[in-house]
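**Q** need a structure here:
(2 chains)
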There are 2 protein chains.
Amino acid sequence: MTLTTTDPRTGDATDSGIEPTTAEEVAAIAQAAHDAFLDLRTRPRAWRADLLRGCADALEARRPELVAIAGAETGLAPARLEGELTRTTTQLRMFADAVDEGSYLEAAIDHAGPTPMGPGPDIRRMLVPLGPVAVFGSSNFPFAFSVPGGDTASALAAGNPIVAKAHSSHPGTSRIAFEALAAGVEAAGGPAGTVGIVYGQPAGTALVADPRIAAVGFTGSLTTGRILLDVIEGRERPIPFYGELASVNPLVVTPGAVATRGAAIAEGLFASVTGSAGQLCTKPGIAFVPAGAEGDAVVDAVVSLARDAAAQPLLNGRIHASFDEIRTRLVDDGAARELVAPVAAPEGYGMSPAVLEIDATAVTPAATEEAFGPLVVLVRYRDLAEVTAALDAVPDSLTATLHVEDAELGALAGFAADLADRAGRLVVNGYPTGVRVSWAQHHGGPWPATNTLHTSVGMTAIRRFLRPFAWQDAPAALLPVELQDADPGIPRRIDGSLVLPSTLTA
Amino acid sequence: MTLTTTDPRTGDATDSGIEPTTAEEVAAIAQAAHDAFLDLRTRPRAWRADLLRGCADALEARRPELVAIAGAETGLAPARLEGELTRTTTQLRMFADAVDEGSYLEAAIDHAGPTPMGPGPDIRRMLVPLGPVAVFGSSNFPFAFSVPGGDTASALAAGNPIVAKAHSSHPGTSRIAFEALAAGVEAAGGPAGTVGIVYGQPAGTALVADPRIAAVGFTGSLTTGRILLDVIEGRERPIPFYGELASVNPLVVTPGAVATRGAAIAEGLFASVTGSAGQLCTKPGIAFVPAGAEGDAVVDAVVSLARDAAAQPLLNGRIHASFDEIRTRLVDDGAARELVAPVAAPEGYGMSPAVLEIDATAVTPAATEEAFGPLVVLVRYRDLAEVTAALDAVPDSLTATLHVEDAELGALAGFAADLADRAGRLVVNGYPTGVRVSWAQHHGGPWPATNTLHTSVGMTAIRRFLRPFAWQDAPAALLPVELQDADPGIPRRIDGSLVLPSTLTA
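**A** Numbers count the residues shown, from 1 in each chain, chains lettered A, B, ... in the order given. The predicted structure is shown next:
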């Protein structure tokens, strides 16, 4: 039975023509990935950098098709999808540059010599690829966190093959993206098993259980994440699971900020809550606004914007149903007041924004459930101690945001440090949505935001798919070129000192 | 009821005078560690480097006492213990230098500016400490992998308090080492909760379950490791568990090497198998020797050395009993031939070396169980394909060792790569015991050697106890000094380029 997809704008279901991958096919795909791994690691870094650039080119070559089918499968607007595809090809090229630069290898050489413990052997270390990586993309980023997304880019950059699990709500997009990556691999002369794809939930589970899979990158719900973690528990050999799971992303507006620029914050907050129909993992789902007239004005402005806003399609029927269930629970169990009730579109999965309000002293875990969609809970507080107490009931997040005036910073240093402890990124006087892809980015955070000490966005995401390896007294013939005596053109730590390559210092 | 210890040299039990830590006491110790964490992270790196050096000094001040009590509790020879304490204080000082140098922070700044996705915000990233770390030391390294060992040094270097679980077979040594660390903390003016200690297995379990503990460093058996992993599964918030668990460390002697220097290899192998009574996690427990006369000579030499060797005390009664059980299983279930049966000493836990032999084609998982103690399984092979097939039955290890002649290297590249896949460190023409503490060291490896992608020895061990954090558009007042615009004297990646501090480039 082939997989169907539904256009969230209309509710019309279509036969994708794609068959679910059988268990035998999953095993064959995993074997091909394993075989490709043995080949890939014999190739130089420069080849791999070119492969990544070739994959970016191949995706660009199918841009119109990709944007069109992704629009029909996700309901996301063309401009958003065009931008997301640009982000996706850009990050492939950025990882190519990182591979060329070579710092990510953490290459180190300690020459043989005397130590306080006696004569020490020659020891050389660098990071080496793990093996085939399973990539589980998310529903909400059909390109940037799906088949050709950051997990794929960083796993390939590290030297690993990938096998993607196509997301059930955009199988057609996944297939075309996979075809583009496969074309990029073929054009570069890489082994066919460098990229693979499987369809259907049973195939995804079989993939995680397969002994040839060495790591899993996952962006999705805590529930599905836990299921896959259980599969890993059942493996003979456990493997790393990098899960980006759940995040409510608290945003705090200080008394100083609300007094100085409450109107601008209301607009910015509303835009951040409703962009991409609120279906971003960094959406600020809970915003702390001071009690009193200035805070009331912010609330009124958000309410007014929400009332005027049109419905936007949610990604699929599950999210559409779940949005309404969670909204109801927030009111019934979480005791939030519904200031703006969302209105469902007459057809498809369209939904207009929802605005809830609650007093800081009434915040309980039931009031902090993540609602994936255009919903914000405005929390009214009298002093920052109330915010801190309320945050204790809020699960930790990918991001925390602080709107603050300079004059308040001295008094708020402790509060800001506590807020930072609850997240992986602190945003000041801005909004957490719109994650810059760069070296300094960190898209991660404490449980349940993620279960890792790594990022899934930015160049350092590559570290997830590498392991250290050391060679002791190895002859040059057994050493990778990056660890041989001759300067390989990458930064290395030699006898404890970080040394830039001669190409940079000449 | 106080804890007893037994002198492995005599079997005499002594009352240590130490009470097991109660659940209430564990909670108070964890709370003190949490409080210390909030204090420690306000202090500059230079202070922390001095703290580490002060702890090294404080341990040196109690050197005679430490070596004496460790001898009585472990049966290890004074020269070994003197060296181990030197290693321990040396690594504290090396971590102090690494803290001063600052690369470990992975500091990165991406200034605000245009990106392919539009204007990008200012993003700054570095690694920050996790919180209180529980340290479970091993029986076999009362200093270097116990209370004052590498986990403690790297966790403190990262900026975390530690709470050690004293090993049950050296509680007195643990107490004095803890007192020394506490004196070092006090001399540096640090908060008392910077170091803590708990005694007894229930206290260790309670420590891992405590919500204030942020990570666990563990060196010990796979069995105990699994128990603690289950405790972590039961926590509301999972935490990283860095376990160094089990390792048989295969060593392969090629036909070329056995022909050229078989006698030297026999001596070197025997010394590596029996050093510290074979109770090292990197002991080569299984050695592949060619069939035929040259290989026979190696086997005969090892047998002869083993027959002449005196008994050495094993660490405790559990290891003593387990050694004999495993040796019996290797013969009964693993079908190994016993060439030299070990002889138990008339008193205490003394045991002389055991040598077993098996044909490569007969190697099964039952023949590859790790026997902690002076035991080696010599595997006879006809060609390297037999070695590879036999290694498929051997669990992966911390190390793999290859004795090889230069002329063979060309033909053996594929074999060496396959061997490396099974370990964390490849030793060429040497022995895996005696782990150099340095930047390039990697003491880790695939499951079941460890469950992590990190090392527990060497400077990069610090990464285990840090998490990335990013600041977006944060004013200088909210940024750590290492991420402010002024050169803080550490390497940083600025707008994608690695930049050495002006102190190094001037």
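**Q** Can you give me every residue that contacts residue A:406?
**A** Residues counted as contacts of residue A:406 (C-beta atoms under 8 Å, 6 or more residues apart in numbering or on different chains) are B:475, B:477. Where you see a C-beta, it was placed from the backbone N, CA and C, and this is true even at glycine.
**Q** Now do the same for it: its pLDDT.
**A** pLDDT recorded at residue A:406 is 97.
**Q** secondary structure class for the residue of the stretch 201-350 of chain A found nearest chain B?
**A** Nearest to chain B in the stretch 201-350 of chain A, going by C-beta to the nearest C-beta, is residue A:237, at a distance of 4.7 Å. Per DSSP: H, G, I helix; E, B strand; the rest coil, the secondary structure class of residue A:237 is coil.
**Q** I figured it hits residue A:212, correct?
**A** No. Assessed by C-beta atoms under 8 Å, residue A:237 is found out of contact with residue A:212, at 10.7 Å.
**Q** in what helix or strand does residue A:89 lie?
**A** Under DSSP states H and E, the secondary-structure element containing residue A:89 is helix A:78-101.
**Q** Excluding chain neighbours, what is closest to residue A:183?
**A** Nearest non-adjacent residue to residue A:183, counting by C-beta to C-beta, 6 or more residues apart in numbering or on different chains: residue A:58, 4.6 Å away.
**Q** quick one, what contacts that neighbour?
**A** For residue A:58, the contact set (C-beta under 8 Å, 6+ apart) comprises A:180, A:181, A:183, A:184, A:187.
**Q** residue furthest from the geometric center of chain A?
**A** Going by C-alpha atoms, centre = their mean, the residue of chain A most distant from its centre is residue A:118, 47.0 Å out.
**Q** Chain B contacts on the stretch 101-250 of chain A?
**A** When proximity is defined by C-beta under 8 Å from any C-beta of the partner chain, the stretch 101-250 of chain A lies next to chain B at A:101, A:103, A:106, A:108-110, A:115-117, A:120-121, A:123-125, A:130, A:237-238, A:240.
**Q** Can I get the contacts of residue A:58 in a markdown table including secondary structure, pLDDT and neighbour count?
**A** Listed next are these as a markdown table, based on DSSP: H, G, I helix; E, B strand; the rest coil; pLDDT from 0 to 100; neighbours: other C-beta atoms under 10 Å in any protein chain shown:
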| residue | secondary structure | pLDDT | neighbour count |
| --- | --- | --- | --- |
| A:180 | helix | 98 | 25 |
| A:181 | helix | 98 | 27 |
| A:183 | helix | 98 | 18 |
| A:184 | helix | 98 | 26 |
| A:187 | helix | 98 | 14 |
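**Q** before we move on, back to that, quick one: the residue farthest from the centre of chain A from residue B:437, how far?
**A** 12 Å (C-beta to C-beta, to the nearest Å).
**Q** re earlier: between residue A:237 and residue A:212, which contacts overlap?
**A** Common neighbours of residue A:237 and residue A:212 (C-beta under 8 Å, 6+ apart) do not exist.
**Q** who's more crowded, the two?
**A** A direct count of neighbours by other C-beta atoms under 10 Å in any protein chain shown for residue A:237 and residue A:212 places residue A:212 higher, at 18 against 13.
**Q** thinking that one is in contact with residue A:130, fair?
**A** No. Residue A:212 sits out of contact with residue A:130 when judged by C-beta under 8 Å, with a separation of 11.5 Å.
**Q** thinking again about what came up before, quickly list what the residue farthest from the centre of chain A is bridged to.
**A** Note on residue A:118: beta-bridge partners residue A:115, judged by DSSP bridges.
**Q** Can you give me the pLDDT of it?
**A** 91.
**Q** For the residue nearest to residue A:183, give me the pLDDT.
**A** pLDDT at residue A:58 comes out at 98.
**Q** And the strand or helix carrying it, how far out from the chain middle?
**A** Take DSSP H and E as the rule and residue A:58 turns out to sit in helix A:45-61. When distances are taken as C-alpha atoms, centre = their mean, to the nearest Å, helix A:45-61 is centred 21 Å away from the chain's centroid.
**Q** Next one: the residue lying closest to residue A:274 once chain neighbours are set aside from residue B:490, what distance?
**A** Of all residues not flanking residue A:274 in the chain, residue A:374 sits nearest, at 4.5 Å (C-beta to C-beta, 6+ apart). Distance, residue A:374 to residue B:490, using C-beta to C-beta: 43 Å.
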